[in-house]
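Asks: predicted structure and sequence below. I'll ask about it afterward.
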Amino acid sequence: MLTIKIKGREEFNNATQEFIQTKDTILTLEHSLVSVSKWEAKYHKPFLGKDKKTYEETIDYIKCMTITQNVDPAVYRLLTKDNMDEINNYIVNPMTATWFNEQKNYAKKNSEQITSELIYYWMVALEIPWEAQKWHLNRLLVLIRICNNKNQPSKKMGKRETMSRNAALNAARRKSLGTSG
């Protein structure tokens, strides 16, 4: 969860020829599967896709992330570059101590589009509790990856590994039985 403070301002609206006063606001944000789902419902495209988001789409995602109730929509226009940097840093934060060894290139490139519905499917298939949909999205994706890895059948040993293991077992048996073969 991220909490940011947005300083209020007084602005002049040229269209209505009025001054608009915006109060200081504290926004509480959560980058979660719920937020992604809301955003995708509006834009009908994958949030985790490769396409860059427009400024409007980014602001809408911040609105989808907002947990704070009854926020004046004008507040989102007051987000500073520092606020946006803080939000982006929060979104990309892994939120976990888990890391994966990518040396063996286990991660095959998959052209499947990842959408909120696909992530919900993974949650159902892996029997992940529904409260996880409110976790930081990166943490949920790591849990899904761990569950998927743990559910994979163990890898078969190569011929060399098998021969080496069998030779070691045979040697140990010969030694324990005191035989030569």
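Replies: Good, I have the coordinates.
Asks: contacts, neighbours, all on C-alpha from now
Replies: Fine.
Asks: so how far is Ser154 from Met84?
Replies: Distance of Met84 to Ser154, given as Cα to Cα, to the nearest Å: 44 Å.
Asks: of those two, give the one with the bigger neighbour count.
Replies: Neighbours of Met84 and Ser154, each counted by other Cα atoms under 10 Å, are more numerous for Met84; the result is 14 against 8.
Asks: quick one: secondary structure of that one?
Replies: Assigned with DSSP: H, G, I helix; E, B strand; the rest coil, Met84 falls in the helix class.
Asks: for this structure, which residue occupies the most central location?
Replies: Nearest to the geometric centre of the chain sits Asn138, at 2.4 Å (Cα atoms, centre = their mean).
Asks: test my guess that that one contacts Met95.
Replies: Yes. Counting by Cα atoms under 8 Å, Asn138 does reach Met95; the two are 6.7 Å apart.
Asks: show me where this protein has strands.
Replies: Secondary structure of the chain (DSSP state E): strands located at 2-6, 9-13, 18-22, 25-29.
Asks: deepest in the core, which of these is it.
Replies: When you average the neighbours per residue for each of these (mean count of other Cα atoms under 10 Å), strand 25-29 leads with a mean of 17.
Asks: touching that one from outside, list them.
Replies: By Cα atoms under 8 Å, 6 or more residues apart in numbering, the list of residues contacting strand 25-29 from outside reads 1-8, 62, 65-68, 71, 75.
Asks: same thing with stretch 35-45?
Replies: When contacts are defined by Cα under 8 Å, 6+ apart, stretch 35-45 is touched by residues Pro46, Phe47, Asp60, Tyr61, Cys64, Met65, Thr115, Ser116, Glu117.
Asks: tell me the buried residues in that stretch?
Replies: Residues of stretch 35-45 classed as buried: Ser35, Val36, Ser37, Lys38, Trp39, Glu40 (neighbour count, 16 or more other Cα atoms under 10 Å).
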